[in-house]
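Colleague: Just to be clear, the model below is a prediction. Sequence and coordinates:
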Amino acid sequence: MAAPRAAAASAKQVTRRNFAESVRELGAHLESCDYVTVAAQKTGAPTGWRRALPVDTAETVYLKAKLAAESFQPLQIAVCPFRLRDSSPSTLVAYPYNFHLFPRDELQLGMPSYSFSCQSSYLSTMANDGFDFNMCIYDGISYLSRVQESFARQKIFTTRLRPLLPSQNTSVADSVFKSRIMSRITHWRKGYAEPSKKDDDSLVGSLSRLILGGESYGSRPSMSIDVCSDHQVQLVLQAVNHISDDLVPLVVPDKAGAARAVCVIFTSSKEDKNLLLMDIHKSEEEQNLKFRGFREVIDLLSSSQKPIISYNCLNDLTMMHSKFVAPLPPNMHEFMCSLKMVFSNVVDISHLWRQIGPLRKAKNIQAALSYLQRQYFVPMEIKIPQQDVTSSVTKNEQNVLRITKLFAKLSNLLKISPECQLQSGEQCAAVEEYCNIFYPSCMVEDSDDVDFANEPDTAKTVSTDNIIFLWGFREKSAKELKSYLPGLHQVFSEDFEVKLLDRTCSALIFRNSDTAMQLLEEISLESSSLNSFFSEGLKAAGFEVYRKACRLGLWDSDLAEALEGVSSEIAASTLSECNSSPIYWNSSLMLDLKEYLEC
């Protein structure tokens with residue numbers, strides 16, 4: 001099936017060369033739009049047991065997402081504000097932007113200084129899709145997280161305007177200081193505002209300005225007033241305010257950030273003063289962009305409070321938090337509390353499509369779009385008033401437009417609207433009802449997957465008490481393992497399922513948790529009934545061992561090696577004390593994170 005029509009359009013390509021103007025345009029589009037779609041192109045994704053597995057709980061899958069966020073680097077982030085029902089229920093207006101990123105040290109402070117992993121298969125696929133690595137490396141937009149920016153501002157201080165605070169009661173010493181400053185500034189200003197005819201000679205004029213303490217701020221004359229406290233800064237600002245409107249004061253900090261002087265600049269006219277103030281504000285904006293970089297976009301999205309629509313949300317949001325906000329917290333609860341301060345409402349598109357019957361088994365965005373195309377009449381035209389016709393379409397902007405189109409179709413079917421009521425008067429659902437429920441999973445290659453609707457729905461909820469991790473089986477297949485185990489112990493005559501987690505370890509899911517506990521107890525006591533089990537080199541552990549391996553971050557090992565190192569440390573007496581958690585076996589992992597937002 002051909003790619004959706006929307007994928008033929010090209011987003012505006014944004015690099016550091018056009019970043020400032022693009023941020024201004026994006027801010028205007030956010031105000032006029034209902035939702036924002038976000039998609040990221042990274043240098044890799046988790047593999048092996050480090051990816052989200054059906055045996056994972058909310059806690060363990062967060063730890064895996066945290067690992068991926070700290071390991072891989074975003075190279076592109078596509079942002080697409082859009083609005084629905086602009087003129088017709090089958091039309092949406094979108095403004096896609098594709099931001100090219102690279103963690104360049106703009107401020108020469110050693111930040112950001114990231115070491116990140118690159119998967120060769122990912123980079124190869126990106127190259128085949130036409131990814132411009134030169135644009136990314138040489139013109140990619142840098143950034144600092146909020147925490148890094150705070151640290152950077154303690155290292156770099158620039159002159160800046162400071163507001164004049166309401167005057168307070170002044171002491172005699174303050175009055176004397178202010179009077180002396182006013183006299184000095186007035187005498188200095190008079191030399192420029194009312195130049196003497198005797199000073200026509202350039203040498204005489206230069207000597208006169210030198211005696212007056214004249215300096216220069218660019219092409220404008222200035223003078224410096226030394227101060228030793230913020231209180232004295234305010235006294236100087238009051239003095240300047242009383243003297244004339246043609247003076248502009250700038251506070252000059254020292255290396256520690258404290259005010260050390262006030263630079264008073266003389267302007268020749270009202271127009272010249274306005275021009276100076278514009279230059280100062282422009283300089284401050286440029287400096288702020290160097291501090292924040294792409295995080296300017298994150299802050300815009302956050303302040304807009306528009307719902308964020310994405311796919312593979314947990315991995316993308318942990319990455320954004322890690323790179324643009326602060327280091328990731330150690331657990332899911334703290335992460336969700338922190339995320340709420342940035343993005344309060346996030347819609348995982350894969351949760352939304354699972355509200356429609358057979359779509360629960362769709363494995364990717366394209367499969368969901370293909371199914372809707374075949375089974376439902378939901379015409380949807382995407383209008384993109386702003387397009388970059390000079391560049392080819394990248395995979396990342398294809399993804400963001402597909403997510404946008406899929407959300408629009410699903411909103412139509414589920415009657416989701418940013419308003420409480422449709423134009424026809426028909427009641428609809430609020431988008432908040434579908435927010436903050438994530439389905440973390442590895443990205444599946446785009447394919448129509450036309451037969452997925454005929455797959456049996458075997459999803460079921462089981463407890464971690466029912467799970468046993470088994471290793472040492474010498475790379476047998478799941479089918480071979482399930483037929484091989486019953487001959488080793490009677491406990492395996494019970495109903496159980498086998499799932500290979502990587503090449504070294506499998507998960508056994510028992511129907512009865514008592515059966516799993518019995519097996520673990522016999523293994524810990526080295527029961528003679530398990531002699532055949534032990535002689536084959538098999539080993540097993542409960543879920544708490546897996547949970548601890550994830551907490552300790554034993555990611556560099558195969559799963560069997562990680563469990564082996566942890567299992568010896570957990571005594572059998574603690575097995576019954578493990579915290580039981582639900583998992584969604586044999587289904588895409590659903591994490592309802594609304595409970596974590598109550599903080």
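Modeller: Alright, I've got the coordinates.
Colleague: Can you name every helix or strand that the longest strand along the chain contacts?
Modeller: Longest strand in the chain by number of residues (criterion: DSSP state E): strand 74-84. With contacts taken as 3 or more C-beta pairs under 8 Å, 6 or more residues apart in numbering; DSSP states H and E, strand 74-84 sits against helix 19-32, strand 35-42, strand 91-94, strand 97-100, helix 295-304, helix 313-324, helix 395-414. In short, each C-beta sits where N, CA and C put it, glycine included.
Colleague: Would you confirm that Glu215 contacts Ser224?
Modeller: Yes. Here Glu215 reaches Ser224: they are 6.2 Å apart, a contact under C-beta atoms under 8 Å.
Colleague: So for those two, which residues contact both of them?
Modeller: Counting by C-beta atoms under 8 Å, 6 or more residues apart in numbering, the contacts common to Glu215 and Ser224 are Cys263.
Colleague: Ends of stretch 218-238, what's the gap?
Modeller: Using C-alpha to C-alpha, to the nearest Å, one end of stretch 218-238 lies 24 Å from the other.
Colleague: How about the contacts made by the residue nearest to the spatial centre of the chain?
Modeller: Nearest to the geometric centre of the chain sits Met320, at 1.4 Å (C-alpha atoms, centre = their mean). By C-beta under 8 Å, 6+ apart, the contact set of Met320 is Ala40, Pro74, Ile298, Val342.
Colleague: The second one - how many residues pack around it?
Modeller: Pro74 is surrounded by 25 other residues when neighbours are defined as other C-beta atoms under 10 Å.
Colleague: per-residue confidence averaged over stretch 357-377?
Modeller: Throughout stretch 357-377, pLDDT has a mean value of 84.
Colleague: Please compute how far it lies from its chain's middle.
Modeller: Here stretch 357-377 is found 28 Å from its chain centre; the criterion is C-alpha atoms, centre = their mean, to the nearest Å.
Colleague: cool, and stretch 218-225?
Modeller: For stretch 218-225, the distance to the chain centre is 43 Å (C-alpha atoms, centre = their mean).
Colleague: ok, now stretch 334-345?
Modeller: For stretch 334-345 - counting by C-alpha atoms, centre = their mean - the centre lies 11 Å from the chain centre.
Colleague: Domain map for the chain?
Modeller: The record's domain parsing of the chain by automatic domain parsing lists 5-144+294-438, 172-281, 461-593.
Colleague: among the ones you listed, which is nearest Ile156?
Modeller: With C-beta to C-beta, the closest approach to Ile156 among the domains of the chain belongs to domain 5-144+294-438: 6.1 Å.
Colleague: got the CA positions of the helix or strand where Lys190 lies in PDB?
Modeller: Here Lys190 sits within helix 172-193, counting by DSSP states H and E. The C-alpha trace of helix 172-193 is given here as PDB (Å, rounded to 0.1, in the frame of the first residue of the first chain):
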ATOM      1  CA  VAL A 172      22.300  59.700  55.100                       C
ATOM      2  CA  ALA A 173      25.200  57.700  53.600                       C
ATOM      3  CA  ASP A 174      22.900  56.700  50.700                       C
ATOM      4  CA  SER A 175      21.900  60.300  50.100                       C
ATOM      5  CA  VAL A 176      25.600  61.300  50.000                       C
ATOM      6  CA  PHE A 177      26.500  58.400  47.600                       C
ATOM      7  CA  LYS A 178      23.600  59.200  45.300                       C
ATOM      8  CA  SER A 179      24.400  62.900  45.300                       C
ATOM      9  CA  ARG A 180      28.000  62.300  44.400                       C
ATOM     10  CA  ILE A 181      27.000  59.900  41.600                       C
ATOM     11  CA  MET A 182      24.500  62.400  40.200                       C
ATOM     12  CA  SER A 183      27.100  65.100  40.100                       C
ATOM     13  CA  ARG A 184      29.600  62.900  38.400                       C
ATOM     14  CA  ILE A 185      27.200  61.600  35.800                       C
ATOM     15  CA  THR A 186      25.800  65.100  35.100                       C
ATOM     16  CA  HIS A 187      29.200  66.600  34.600                       C
ATOM     17  CA  TRP A 188      30.200  63.700  32.300                       C
ATOM     18  CA  ARG A 189      27.000  63.900  30.300                       C
ATOM     19  CA  LYS A 190      27.300  67.600  29.900                       C
ATOM     20  CA  GLY A 191      30.600  67.100  28.000                       C
ATOM     21  CA  TYR A 192      28.700  65.100  25.300                       C
ATOM     22  CA  ALA A 193      25.200  66.800  25.400                       C
END
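Colleague: now for it, which elements pack on it?
Modeller: Using 3+ C-beta pairs under 8 Å, 6+ apart: helix 172-193 touches strand 220-226, helix 230-243, strand 259-266.
Colleague: circling back: tell me which of the helices and strands packed on strand 74-84 approaches Pro358 most closely.
Modeller: The nearest among the helices and strands packed on strand 74-84, by C-beta to C-beta, is helix 395-414 at 13.1 Å.
Colleague: From the contact counts, what lies against the next helix or strand after the closest one?
Modeller: The C-terminal neighbour of helix 395-414 among helices and strands, as given by DSSP H and E, is strand 437-438. Under the contact definition 3+ C-beta pairs under 8 Å, 6+ apart, strand 437-438 sits against strand 346-348, strand 591-592.
Colleague: Please tabulate the helices and strands packed on helix 172-193 in TSV and include mean neighbour count as additional columns.
Modeller: Converted to TSV, these look like this (neighbours: other C-beta atoms under 10 Å):
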stretch	mean neighbour count
strand 220-226	18
helix 230-243	19
strand 259-266	21
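Colleague: Tally up the residues packed near the nearest residue to Gln234 once chain neighbours are set aside, please.
Modeller: Among residues not flanking Gln234 along the chain, Leu165 sits closest, at 5.7 Å (C-beta to C-beta, 6 or more residues apart in numbering). Leu165 has 12 neighbours, counted by other C-beta under 10 Å.
Colleague: I'd guessed Leu165 sits against Leu235; true?
Modeller: No. Taking C-beta under 8 Å as the definition, Leu165 is not a contact partner of Leu235, at 10.8 Å.
Colleague: how close does Met182 get to Val172?
Modeller: Separation of Met182 from Val172 (C-beta to C-beta, to the nearest Å): 16 Å.
Colleague: To clarify, my last question referred to Ser120.
Modeller: Ser120 is 75 Å from Val172, by C-beta to C-beta.
Colleague: Between strand 35-42 and the helix or strand hosting Ser124, find me the angle.
Modeller: Element membership for Ser124 (DSSP H and E) is helix 120-128. Orientation check (axes from the mean of the first three to the mean of the last three C-alpha atoms, to 10 degrees): helix 120-128 against strand 35-42 gives 120 degrees.
Colleague: Ser142 touches Pro112, doesn't it?
Modeller: Yes. Ser142 lies in contact with Pro112 (C-beta under 8 Å); the separation is 7.2 Å.
Colleague: Make sure Lys155 is actually in contact with Gln148.
Modeller: No. Lys155 is beyond contact range of Gln148, at 10.6 Å (criterion: C-beta under 8 Å).
Colleague: who has more neighbours, those two?
Modeller: Between Lys155 and Gln148, counting by other C-beta under 10 Å, Gln148 is the more crowded of the two (23 against 13).
Colleague: For that one, give me the pLDDT.
Modeller: The model reports Gln148 with a pLDDT of 82.
Colleague: separation between it and Cys136?
Modeller: Gln148 sits 20 Å away from Cys136, going by C-beta to C-beta.
Colleague: Equivalent analysis for Tyr192, please.
Modeller: When distance is defined by C-beta to C-beta, Tyr192 is 50 Å away from Cys136.
Colleague: need the next SSE after the strand or helix carrying Ala367, C-terminal direction.
Modeller: Secondary structure assignment for Ala367, by DSSP H and E: helix 365-375. Downstream of helix 365-375, the first helix or strand assigned by DSSP H and E is strand 381-383.
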